[in-house]
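Undergrad: let's see this in three dimensions:
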Amino acid sequence: MEYEWKPDEQGLQQILQLLKSLSPRTPPRREPCNKYPFRGPSRSLPRGPPLSPKLEQLNQYPDFNNYLIFVLTKLKSEDEPTRSLSGLILKNNVKAHFHNFPNGVTDFIKSECLNNIGDSSPLIRATVGILITTIASKGELQNWPELLPKLCSLLDSEDYNTCEGAFGALQKICEDSAEILDSDVLDRPLNIMIPKFLQFFKHSSPKIRSHAVACVNQFIISRTQALMLHIDSFIENLFALAGDEEPEVRKNVCRALVMLLEVRMDRLLPHMHNIVEYMLQRTQDQDENVALEACEFWLTLAEQPICKDVLCRHLSKLIPVLVNGMKYSEIDIILLKGDVEEDEAIPDSEQDIRPRFHRSRTVAQQHDEDGIEEEEDDDDELDDDDTISDWNLRKCSAAALDVLANVFRDELLPHILPLLKELLFHPEWVVKESGILVLGAIAEGCMQGMIPYLPELIPHLIQCLSDKKALVRSITCWTLSRYAHWVVSQPPDTYLKPLMTELLKRILDSNKRVQEAACSAFATLEEEACTELVPYLAYILDTLVFAFSKYQHKNLLILYDAIGTLADSVGHHLNKPEYIQMLMPPLIQKWNMLKDEDKDLFPLLECLSSVATALQSGFLPYCEPVYQRCVNLVQKTLAQAMLHNAQPDQYEAPDKDFMIVALDLLSGLAEGLGGNIEQLVARSNILTLMYQCMQDKMPEVRQSSFALLGDLTKACFQHVKPCIADFMPILGTNLNPEFISVCNNATWAIGEISIQMGIEMQPYIPMVLHQLVEIINRPNTPKTLLENTAITIGRLGYVCPQEVAPMLQQFIRPWCTSLRNIRDNEEKDSAFRGICTMISVNPSGVIQDFIFFCDAVASWISPKDDLRDMFCKILHGFKNQVGDENWRRFSDQFPLPLKERLAAYYGSMLGNVLTSGAFVGGNLSPITTPHWM
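TA: Residues are numbered from 1 along each chain as shown. As a prediction, this is how the structure comes out:
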């Protein structure tokens with residue numbers, strides 16, 4: 001029986017009055033579901049009106065939602081924005097309280113939606129569609145069985161509005177509920193829906209054709225079976241629409257082809273030449289949305305193994321198209337306020353400031369060739385104009401050129417260099433600016449081929465840092481940062497000094513965008529130059545500290561990063577009274593101004609962590625309040641989390657980033673202050689708090705707490721030791737390489753604890769050893785984790801050789817290959833002492849892989865005398881065991897650099913002839929030798 005409801009006239013007038021007072025007079029937009037993997041930042045859309053106190057009050061009345069649906073669907077005399085707003089408020093109520101709606105209200109809303117899906121107003125149809133998909137996504141697809149059949153049947157209506165309204169609603173449902181549509185829960189409706197959608201690809205209305213393609217597109221990435229059964233028909237229909245006059249249809253065709261490239265390359269391959277030609281046309285489409293969608297094709301194709309074969313014949317056409325797409329459009333320049341040169345005095349609005357996410361501390365080893373090894377570093381993205389938060393054609397073209405440069409390397413240069421010559425010296429600033437962006441985009445992939453041109457190009461770019469257009473100055477900062485590695489490899493006076501001088505001027509630029517770009521570029525330069533910057537520290541600090549007084553909110557956060565990176569790069573060279581006096585007062589002033597709830601604490605705490613580590617004892621005067629505040633932040637966050645877990649309805653979940661950043665700063669303090677932190681630890685409950693943090697559900701919290709455990713173990717083990725029996729089982733359970741950074745830090749902490757515990761480590765070996773051996777033998781394990789695992793196994797073997805040595809044969813080969821490239825240091829020293837001790841306990845464990853041990857020994861530049869003696873003893877023992885003749889045959893196959901290295905260090909003892917093979921069960925048989933660098 002249909003639910004009958006009529007409004008009270010007075011109540012209706014009240015609600016209309018309220019709606020008119022709230023009406024933003026803008027069409028409804030719904031939040032994006034992000035089902036399609038955009039590479040750009042997600043677009044933020046209005047979420048309907050904010051809930052006023054009056055609205056919240058009206059929500060107490062059971063039939064308030066009846067009034068809202070009544071205004072939307074029945075009050076056709078009312079203006080459209082008011083009716084639509086009523087629907088959007090109802091949508092918000094559905095999201096928040098739908099399961100509390102009385103049955104009659106729910107049924108009334110559902111029937112009104114279906115009866116009005118064909119409203120004559122596009123705005124009302126869109127609002128009804130949004131309402132339908134919101135109800136459906138609240139689990140109501142199961143409880144509204146007539147919805148999908150009804151909408152599908154309405155597609156066949158001869159009334160255009162009804163067909164379009166139904167298709168609009170179906171498109172939204174496909175976007176929001178794709179997973180459940182492809183499940184047994186609903187008896188797989190897609191088996192009927194997808195063939196139905198394909199019929200509408202040839203509909204006379206462009207809007208309907210666009211809806212039809214968009215609906216099917218939702219099921220490509222998930223390889224939905226119902227679509228895969230019709231894949232050839234789908235592709236054929238797409239090709240038929242390739243030249244459609246409607247931009248929205250062309251956009252959806254391009255989007256489909258991009259996704260098919262990822263999931264059904266086999267079906268596209270026979271047509272690939274034509275598809276590439278088509279995408280070249282569409283990348284130049286007059287409609288920028290179509291061009292952007294087509295440009296995604298090159299990004300996706302670059303990730304496919306066939307990219308080089310497919311594109312090599314098309315580069316001469318493709319490269320100019322991408323380069324042309326890298327120019328700012330007129331609308332870009334308006335949005336970026338490209339004509340505003342000086343804006344440093346204008347305060348930032350809060351929406352200018354993107355949320356920051358703290359990257360938890362990860363412990364890594366030092367390498368001979370390039371300092372600290374990072375697993376992945378995404379800081380070098382094409383982020384030249386991030387205040388246009390939308391992914392646009394310029395960014396996509398630049399990203400595509402970047403990835404193609406990495407595929408084709410220097411083969412790209414014949415197509416790029418003639419264009420660059422013209423662009424870089426062009427009189428129009430927009431063209432010149434795009435040339436500078438091109439030069440930055442190809443830096444990584446084409447670096448070798450660009451080297452001959454850099455002595456001319458780098459001075460030209462340094463000159464461009466003084467260009468009168470702010471957008472030229474800002475992109476030049478970014479491009480120069482992409483060549484920082486080469487700049488630093490040259491004599492410092494040639495390029496480094498002039499570049500640094502000009503970048504520091506740009507850090508104090510009168511334009512905020514240039515300040516930001518210069519700060520970021522300078523941070524990259526700091527990472528590359530490291531201690532090369534020490535002679536200029538006073539000048540650098542002078543500039544960075546002056547920027548504190550000059551910068552608005554957003555750039556201050558980037559300035560913290562530049563200071564933190566400087567501290568990481570120059571280390572203890574910063575620990576001079578005059579530098580400390582310049583740097584610390586402004587940092588502490590900011591620290592005192594910020595409240596505990598302020599997210600600006602994140603970058604400041606990160607910065608202070610680096611500064612504390614670099615200043616070492618120089619940080620002592622500032623350490624107590626900083627330490628105490630960090631402990632308080634951890635304690636407050638844990639307390640809030642406990643309240644939330646006990647009563648989630650009453651207490652909000654805390655933002656655990658506060659705790660993570662505080663733990664990382666405590667690590668920085670422990671590392672910098674060493675034993676000086678002992679008193680602070682003694683007077684606080686940090687170890688109790690760490691015990692809780694180590695068991696937190698959030699991996700990043702555990703990651704940071706294990707880093708702190710390792711640092712406190714090194715700094716003041718007397719306070720850590722009483723907790724070891726509680727900590728070790730937790731460390732053992734976190735040796736799970738599924739969480740790489742957590743596992744890495746837990747592994748490192750175990751190694752540090754073992755050195756302090758010595759023989760007392762014995763009872764804990766069974767808790768950790770098998771997992772560590774498993775990790776070191778696991779394929780595709782990241783280098784940092786392998787190195788830390790090898791060092792920890794070595795250290796465990798050093799303090800408890802009898803317990804670890806029996807497993808030697810299971811890990812000796814990956815152990816040796818993992819540690820051959822890290823620098824000589826204390827950690828490597830203790831690990832190698834451990835391996836030597838284990839070999840003396842179980843010599844047969846190394847026999848089969850002895851060549852790998854020789855290679856690892858040769859990786860030492862200057863081992864301590866007693867460690868060198870241990871190496872000699874093992875090498876000599878092996879030689880004596882096999883005899884001179886076998887040793888000569890064994891050493892005949894050594895790679896030359898290994899032979900020379902061993903001869904130089906151990907030749908007198910081993911004789912003059914050295915080579916490779918392995919001693920296996922009394923016979924010498926050749927084995928694969930490790931790559932010698």
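Undergrad: what helix or strand is residue 645 located in?
TA: Taking DSSP states H and E as the criterion, residue 645 maps to helix 620-646.
Undergrad: and that helix, which residues are buried?
TA: Across helix 620-646, burial judged by 16 or more other C-beta atoms under 10 Å covers 622-623, 626-627, 629-631, 633-638, 640-641. In this view, the C-beta of every residue, glycine as well, is placed from N, C-alpha and C.
Undergrad: over to stretch 300-314?
TA: Here stretch 300-314 shows 300, 301, 302, 307, 310, 311 as buried, counting by 16+ other C-beta under 10 Å.
Undergrad: then stretch 83-95?
TA: By neighbour count on 16+ other C-beta under 10 Å, the buried set for stretch 83-95 is 83, 84, 85, 86, 87, 88, 89, 90, 91, 92, 93, 94.
Undergrad: what about that stretch, average pLDDT?
TA: For stretch 83-95, mean pLDDT is 87.
Undergrad: ditto for stretch 200-210
TA: pLDDT averaged over stretch 200-210 gives 93.
Undergrad: could you dump that stretch to PDB, C-alpha only?
TA: Extracted C-alpha coordinates of stretch 200-210, given in PDB (Å, rounded to 0.1, in the frame of the first residue of the first chain):
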ATOM      1  CA  PHE A 200      23.100   2.700 -26.100                       C
ATOM      2  CA  PHE A 201      26.600   3.400 -27.500                       C
ATOM      3  CA  LYS A 202      24.800   4.200 -30.800                       C
ATOM      4  CA  HIS A 203      21.900   6.300 -29.300                       C
ATOM      5  CA  SER A 204      21.100   9.500 -31.000                       C
ATOM      6  CA  SER A 205      21.600  11.600 -27.900                       C
ATOM      7  CA  PRO A 206      25.300  12.500 -27.100                       C
ATOM      8  CA  LYS A 207      24.400  12.700 -23.400                       C
ATOM      9  CA  ILE A 208      23.000   9.100 -23.400                       C
ATOM     10  CA  ARG A 209      26.000   7.800 -25.300                       C
ATOM     11  CA  SER A 210      28.300   9.400 -22.800                       C
END
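Undergrad: now do that stretch: distance to the chain's middle.
TA: Offset of stretch 200-210 from its chain centre (C-alpha atoms, centre = their mean, to the nearest Å): 39 Å.
Undergrad: and the helix or strand containing residue 560, what other elements does it pack with?
TA: Using DSSP H and E, residue 560 sits in helix 553-570. Packing partners of helix 553-570 (3 or more C-beta pairs under 8 Å, 6 or more residues apart in numbering; DSSP states H and E): helix 512-529, helix 537-550, helix 577-593, helix 601-615.
Undergrad: just the pLDDT for residue 58.
TA: Residue 58 is assigned 73 on the pLDDT scale.
Undergrad: what residues go with each domain of this structure?
TA: Segmentation of the chain into domains, based on the TED database, reads 575-721, 734-909.
Undergrad: hey, where'd the strands end up in this protein?
TA: Secondary structure of the chain by DSSP state E: the strands cover 366-367, 371-372, 918-920, 923-925.
Undergrad: how about low-confidence regions in the protein?
TA: Along the chain, the parts satisfying pLDDT under 70 run over 1-4, 23-57, 140, 345, 348-361, 363-389, 908-933.
Undergrad: before we move on, back to that, and residue 434, which of the domains of the chain is closest to it?
TA: domain 575-721 (31.5 Å; C-beta to C-beta).
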